[in-house]
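# Fold the following, please.
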Amino acid sequence: MKDLLGQIQIRVNENIYLKDPETSDLGRRIIEESIRMIDELGLEHFTFRKLAERLQTTESSVYRYFENKHKLLIYLISWYWGWQEYRLVFNTANVTDPVEQLRKAVRVLSEPVRNDDFFPHINTEILSNIVILESSKAYLTKEVDTEKSMGFFSGYDRLCQRISEMVLKVNPEYRNPHTLVSTIIEGIQRQKFFVVHMPSFTDIIKDGEELTQFFTRMAIVMTKTNPQND
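Got it, this is the predicted structure:
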């Protein structure tokens with residue numbers, strides 16, 4: 001099983017990059033070090049020049065892989081949601097009860113992220129911090145409609161679709177599965193941010209079981225209700 005998992009690759013839409021970073025040692029180093037630097041500096045202060053200096057390579061070498069740091073951010077966010085989809089599939093594969101399947105899905109998304117040794121050049125724990133702090137900058141732009149049409153956010157789309165299908169297994173008559181799922185996913189990220197940076201905005205003490213229980217209750221209770229239209 002370990003050998004099988006070690007062969008898994010998370011696919012990212014090819015329109016996001018100029019050259020697939022997974023195809024070379026430099027490309028993988030660009031991904032590895034950019035995760036560290038964006039976490040350290042924040043996206044605003046992160047530049048390809050600084051990244052090239054850290055890697056002891058040329059700035060033009062970095063530009064061979066990504067057009068700009070916005071595309072790099074989208075790549076990292078897309079990879080993260082693709083990784084979460086892989087974890088979701090793995091953790092629910094043998095679960096037949098729809099409610100338990102939905103419970104496990106919420107747990108996968110809400111539990112504290114640990115580093116995944118099967119992807120040695122990507123620190124998933126640090127990447128999760130970037131998703132919490134920086135992910136909205138990937139799509140709150142004037143170009144979002146064009147980028148959506150090019151499949152830039154397909155990983156997040158697939159994840160939402162998978163969990164929406166779980167919601168409909170619990171209650172085929174539920175009218176708002178995608179709204180519920182995207183609210184839960186975004187809510188989890190916001191609450192994790194509030195726990196660390198704005199504790200007065202939340203009643204959750206720390207990232208962990210309490211957070212999972214809150215969003216599990218939301219998912220199950222909302223899915224089992226079906227409010228009438230006004």
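
# Excluding chain neighbours, give the residue nearest to the residue most central in space within the chain in space.
Centroid-nearest residue in the chain: Trp81, 3.3 Å away (criterion: Cα atoms, centre = their mean). Spatial nearest neighbour of Trp81, chain neighbours left out: Gly155 (4.1 Å); criterion: Cβ to Cβ, 6 or more residues apart in numbering. Where C-beta positions appear, they are placed from N, C-alpha and C, glycine not excepted.

# what's around the one you found, how many residues?
Under the neighbour criterion other Cβ atoms under 10 Å, Gly155 is assigned a count of 23.

# So it sits against Tyr86, correct?
No - between Gly155 and Tyr86 no contact is recorded; they are 10.1 Å apart, counting by Cβ atoms under 8 Å.

# The helix or strand hosting Ser78: which residues count as buried?
Mapping Ser78 onto the secondary structure by DSSP states H and E places it in helix 69-92. Residues of helix 69-92 classed as buried by neighbour count (16 or more other Cβ atoms under 10 Å): 69-88, 92.

# Next: stretch 9-16.
The neighbour-count criterion (16+ other Cβ under 10 Å) identifies 10, 12-13, 16 as the buried residues of stretch 9-16.

# For Arg107, what are phi and psi?
Main-chain torsions, Arg107, degrees, to the nearest 10: phi -60, psi -40.

# show me the contacts for the closest residue to it other than its chain neighbours.
Nearest non-adjacent residue to Arg107, counting by Cβ to Cβ, 6+ apart: Thr212, 5.4 Å away. Thr212 is in contact with 106-107, 110-111, counting by Cβ atoms under 8 Å, 6 or more residues apart in numbering.

# Which of those fall in helices?
With DSSP state H as the criterion, helices contain 106-107, 110 from among those.

# Save the residues you listed as JSON lines, and put in distance to Arg54 too.
Below are these laid out as JSON lines (distance: Cβ to Cβ, whole Å):
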{"residue": "Val106", "distance to Arg54": "37"}
{"residue": "Arg107", "distance to Arg54": "36"}
{"residue": "Ser110", "distance to Arg54": "33"}
